[in-house]
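Enquirer: Could you look at this predicted model? Sequence included:
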Amino acid sequence: MSLLHGAAKKYERDMVRFARDLVRIPSFSCQEGKLVARVAREMGRVGFDQVKVDRMGNIIGRVGKGRTKIMLDAHVDTVGIGDRKAWKWDPFKGKYSGGRIYGRGATDQKLSLAPMIYAGRMLKDLGLLGDFTYWVVGSCMEEDCDGLPLLHLINKEGYKPDYVIITEPTNLGVYRGHRGRMEMKVVCRGRSCHASAPERGVNAVANMSDIVAEVSRLNARLKRNGFLGKGTVAVTKIDCQTPSLNAVPDECTIYLDRRLTAGETLRLAVAQIERLASVRRHKAKVEVLRYDAVAWTGLRVGQEKYYPTWVLPESHKLVKAAKAAGRIALGKAPKVDKWVFSTNGVASAGRLGIPTVGFGPSNEIYAHTVDEVMPVEHLLKAAVFYAAIPRFLAP
């Protein structure tokens, strides 16, 4: 398999050029159109058999047409840049220095497309196409609603993979799951009155403070899993409705981020909040939030903001294949672990039950920071991995 390393090295300059182009094109969620067009040109340039953009704006490139369908996914959208003054360099310049590429999206995670696409070229160059179909997906809107693009692609566009490889950053480890998550709100209603005589009303904010304290204490009772870790809940935002700053507020809303470990479900998480004594006492209402948006193509999309937990057993064929491909790419056994954050695996594995693993360049600790970076060495090793894994999956 030294041929794979040689082929990856051969395309190093092309991958760096393409990766820097990707950084230079801003691609915030719902604004990915220009980046998708650039990805389409690269897929065409390296000789993909088919390149399509679906109704949601996801791009899908195909190499081969065998029976085993292998889908590699990288989301092309990024978060914003925050305070521009906090960056040491232009986040959209595609800075390249010391064998590293810097900028927004360098880590999380559109630069994974470079090794994904060039692995397709390597499969052709080296005559490694077998009885498999190699799909490269550049998915949209993941940062806003993880899983939504793969649900659309699989359920509504007809792509039915046998295996999915998520290329979010794993520091070149094999990841086989992560906690799920969901977003809820709790609404507490009161009765307004003049603040000079607060006893005449019912202060929704004061009552909500009881709920906030009890939600925080709930953490101690949430489940723990030996591999995924502990379930958590956090109050992330609070709003109130009041006639004026001289009036008792008549409504207060808190928003909750709930991280779900193995065995925790949407129904369980909602019930845990509804059963809190303070929620019952103040007759608060609990609701799971919904995501609704318009894709860059103009398509309206949406779903409930519940993203299921998923774990693939280490004994599964796909994990074994990923470990074998990782050994080829790294020259040693890869670390098998999990993500701390959430990925599109909530759709492929969490909702649809499709065997899914992760292997991606760069380290997740840089995601969403002003220090996003991609080591070029990681791009080369990831390309070897992506080109190597089909042989372990196709019959």
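Expert: Great, that's in hand.
Enquirer: and the residue nearest to Ala119 when sequence neighbours are not counted, helix, strand or coil?
Expert: Nearest residue to Ala119, sequence neighbours excluded (Cβ to Cβ, 6 or more residues apart in numbering): Tyr386, at 3.6 Å. Every C-beta, even on glycine, is put in place using the N, C-alpha and C of the backbone. Following DSSP: H, G, I helix; E, B strand; the rest coil, Tyr386 is assigned to helix.
Enquirer: quick one, what contacts Tyr386?
Expert: By Cβ atoms under 8 Å, 6 or more residues apart in numbering, Tyr386 lies in contact with Leu72, Pro115, Met116, Ala119, Ile165, Thr167, Ala325, Phe359.
Enquirer: tell me the pLDDT at it?
Expert: According to the prediction, Tyr386 has pLDDT 98.
Enquirer: And for Asp292?
Expert: 97.
Enquirer: Ok, the one 5 residues further on next?
Expert: Thr297 is assigned a predicted lDDT (pLDDT) of 98.
Enquirer: That one - how many residues pack around it?
Expert: Neighbours of Thr297 under the rule other Cβ atoms under 10 Å: 17.
Enquirer: Assign it to helix, strand or coil.
Expert: Per three-state DSSP, Thr297 ends up coil.
Enquirer: list the contacts for the residue nearest to it when sequence neighbours are not counted?
Expert: Once flanking residues are discounted, Thr297 sits nearest to Gly57: 4.4 Å by Cβ to Cβ, 6+ apart. Going by Cβ under 8 Å, 6+ apart, Gly57 touches Glu32, Gly33, Val36, Cys140, Met141, Ala295, Trp296, Thr297, Leu299.
Enquirer: Surely the second one and Trp296 touch.
Expert: Just to be clear, that refers to Gly33. Yes: Gly33 lies in contact with Trp296 (Cβ atoms under 8 Å); the separation is 4.3 Å.
Enquirer: And the two? Which one has more around it.
Expert: Using other Cβ under 10 Å, the more surrounded residue of Gly33 and Trp296 is Trp296, with 21 against 16.
Enquirer: My read is that that one contacts Glu32, right?
Expert: Yes: using Cβ under 8 Å, Trp296 makes contact with Glu32 at a distance of 5.3 Å.
Enquirer: residues shared between the contacts of the two?
Expert: Contacts common to Trp296 and Glu32, judged by Cβ under 8 Å, 6+ apart, are Gly57, Cys140.
Enquirer: Ser196: neighbour count?
Expert: With other Cβ under 10 Å as criterion, Ser196 counts 9.
Enquirer: The one 3 residues further on too?
Expert: The local packing count at Glu199 equals 8, with neighbours defined by other Cβ under 10 Å.
Enquirer: Quick check: it vs Gly44, distance?
Expert: 72 Å (Cβ to Cβ, to the nearest Å).
Enquirer: Now do the strands in the stretch 1-150 of the chain.
Expert: With DSSP state E, counting those that start in this stretch, the ranges of strands along the stretch 1-150 of the chain come out as 50-53, 59-63, 68-75, 96-97, 100-102, 132-139.
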